[in-house]
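Asks: with the input below, show me the fold.
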Amino acid sequence: MEKYRVALDAEERAALERLISSGKAASRKLAHARILLLTDATHGEGQRDEDIVAALSTSPRSIARVRKRFVTEGIEAAVDPRPRPARPEKIKIKGDVEQKLIELACTDPPRGRCHWTLRLLADEMVVLGLVDTISTETVRLALKKTTFSPGSSSPGASPRRPTPSTSGGWRT
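Replies: Now for the predicted structure:
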């Protein structure tokens with residue numbers, strides 16, 4: 001792995017020290033600033049990567065990435081963390097498919113079964129052509145967010161009920 005040499009000028013060093021002393025930034029931004037200050041070769045020899053890993057509880061790969069970004073892209077790119085890639089949406093079932101799933105769960109179960117299972121619901125959705133593939137966990141999450149609860153008029157599978165106090169209360 002090629003090692004990039006970090007050489008901060010006085011202005012960059014002062015800006016990084018101000019950023020760290022204020023403490024009013026994202027933790028990754030502060031960590032990147034600390035890495036740059038500790039790897040600065042103009043201020044002494046710069047610390048070894050193993051010492052920085054121990055001091056900042058970071059990985060050697062993070063130190064290498066920050067060094068490389070500083071040398072190739074500049075101080076702003078090295079300090080400001082790159083935006084994380086967009087996460088796929090958590091809810092895989094939406095709209096009409098979700099509605100069909102709830103309708104299916106409210107119908108009578110298949111012959112020979114006394115109730116719908118998550119596996120049966122997932123398989124039936126594939127057979128009906130609503131989805132190509134689906135896991136039982138996705139079906140569970142879709143049903144969990146609804147107020148569907150067979151056999152109960154209240155929302156949720158296990159609604160909270162007030163429990164009577166056994167302590168009786170304080171007497172004065």
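
Asks: other SSEs contacting the strand or helix carrying A142?
Replies: Using DSSP states H and E, A142 falls within helix 136-144. Helix 136-144 sits against helix 95-106, helix 118-127, with contacts defined as 3 or more C-beta pairs under 8 Å, 6 or more residues apart in numbering; DSSP states H and E. (Each C-beta comes from the backbone N, C-alpha and C, glycine too.)

Asks: using JSON lines, lay out the ones you listed together with mean neighbour count, mean pLDDT and distance to T138.
Replies: Rendered in JSON lines, the data for these read as follows (neighbours: other C-beta atoms under 10 Å; pLDDT from 0 to 100; distance: least, C-beta to C-beta, whole Å):
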{"stretch": "helix 95-106", "mean neighbour count": "14", "mean pLDDT": "89", "distance to T138": "10"}
{"stretch": "helix 118-127", "mean neighbour count": "16", "mean pLDDT": "92", "distance to T138": "8"}
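
Asks: show me this structure divided up by domain.
Replies: Split into domains by automatic domain parsing, the chain comes to 10-79, 95-144.

Asks: coming back round to it: state the mean pLDDT of the helix holding A142.
Replies: Model confidence over helix 136-144, given as mean pLDDT, is 87.

Asks: what about this protein, any weak spots by pLDDT?
Replies: For the chain, applying pLDDT under 70 flags the ranges 1-2, 43-46, 86-91, 146-172.

Asks: how about the helices in it?
Replies: When assigned using DSSP state H, the helices of the chain occupy the ranges 10-22, 27-39, 49-56, 60-73, 75-79, 95-106, 118-127, 136-144.
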